[in-house]
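Engineer: have a look at this fold, sequence not included:
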């Protein structure tokens, strides 16, 4: 399935109490996303619990997800600390039918750009699928700067970047350099799409896909007032789905009447005090359904 412009959901992976993914529940969540009109799914990243799975688990999960995704394009996150593991996952994703692969830079050791560039070049050589760099400095400890990203893009090493950094200036620098960008910071969705980003990849769409789809459609028809309304709602929703990490998304999905179930340990679900703002977020999300 070919990548299309638009909204991509960074899909959560609902798990049972024993930590095992529940693919029946996941099928319901994917159907919900499809009905809302998203263009694709970004799977097995931070929200999808890929870093908490073994290589074997990641492969099995991806195969099931691609089967469940139907017409939705699947972007498989294949990042790993060991380049050989990332290459293995990338080749598996291509064989399994993913539309693209994506990876954070190698983590933990805080490498320099020579190491990071070599890592992406290995992935690019391993598959024919589009390779999307994933810039998420808080999670990885490495900041892929606009200049670095642009150099990889110009050399045809990467197909584009999932940009999680909150800087508007960096977002504009990437777009000015002609880099294909998917905005991953929900609060910059309108900025990114209005400036010509290829799309947005967000965890918040697990709970409020309709708001994102509406915003994108409003911009396409030139309705800035409606787009602003959508962004203001997204800001409100995103601000209430921050804590606890990932668990808030599962709780929000469940509040929408879907089987959000649980994240995998060591992640946790919210307590009662943390659930109140999540309910406020869901109430706002329902305004767009």
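Structural biologist: Thanks, I have it. Keep in mind that this is a model prediction, so the values were computed, not measured.
Engineer: how about the strands in this protein?
Structural biologist: Ranges of strands within the chain are 6-10, 40-43, 73-77, 100-103, 131-135, 160-163, 181-183, 199-202, based on DSSP state E.
Engineer: which helices and strands does the shortest one pack with?
Structural biologist: Contact analysis of strand 181-183 by 3 or more Cβ pairs under 8 Å, 6 or more residues apart in numbering; DSSP states H and E lists strand 160-163, helix 168-176, helix 189-194, strand 199-202 as its packing neighbours. From N, CA and C alone the C-beta is placed, and that goes for glycine too.
Engineer: and the contacts of the third one?
Structural biologist: Among residues not part of helix 189-194, those counted as contacts by Cβ atoms under 8 Å, 6 or more residues apart in numbering are 163, 168, 171, 175, 181, 183, 199-200, 202, 212, 215-216, 219, 227-228, 230-231, 234.
Engineer: show the buried residues in the residues you listed.
Structural biologist: Buried subset of the contacts of helix 189-194 (neighbour count, 16 or more other Cβ atoms under 10 Å): 163, 171, 175, 181, 183, 199-200, 202, 212, 215-216, 219, 227, 230-231, 234.
Engineer: for those residues, which one is nearest residue 21?
Structural biologist: Among the buried ones among the contacts of helix 189-194, residue 202 lies closest to residue 21 (Cβ to Cβ), at 21.0 Å.
Engineer: residue 52 and residue 264 touch, don't they?
Structural biologist: Yes: under the contact definition of Cβ atoms under 8 Å, residue 52 touches residue 264, with a separation of 4.9 Å.
Engineer: run through the helices of the stretch 51-200 of the chain in chain order.
Structural biologist: Listed in chain order, the helices of the stretch 51-200 of the chain (DSSP state H, counting those that start in this stretch) span 55-69, 83-96, 113-126, 137-140, 146-154, 168-176, 189-194.
Engineer: mind checking which of those is nearest residue 17?
Structural biologist: Proximity to residue 17 (Cβ to Cβ) singles out helix 55-69 among the helices of the stretch 51-200 of the chain, at 17.0 Å.
Engineer: residues in contact with the closest residue to residue 165 other than its chain neighbours?
Structural biologist: Closest residue to residue 165 apart from its sequence neighbours, by Cβ to Cβ, 6 or more residues apart in numbering: residue 135 at 5.7 Å. Residues counted as contacts of residue 135 (Cβ under 8 Å, 6+ apart) are 104, 143-144, 149, 161-165.
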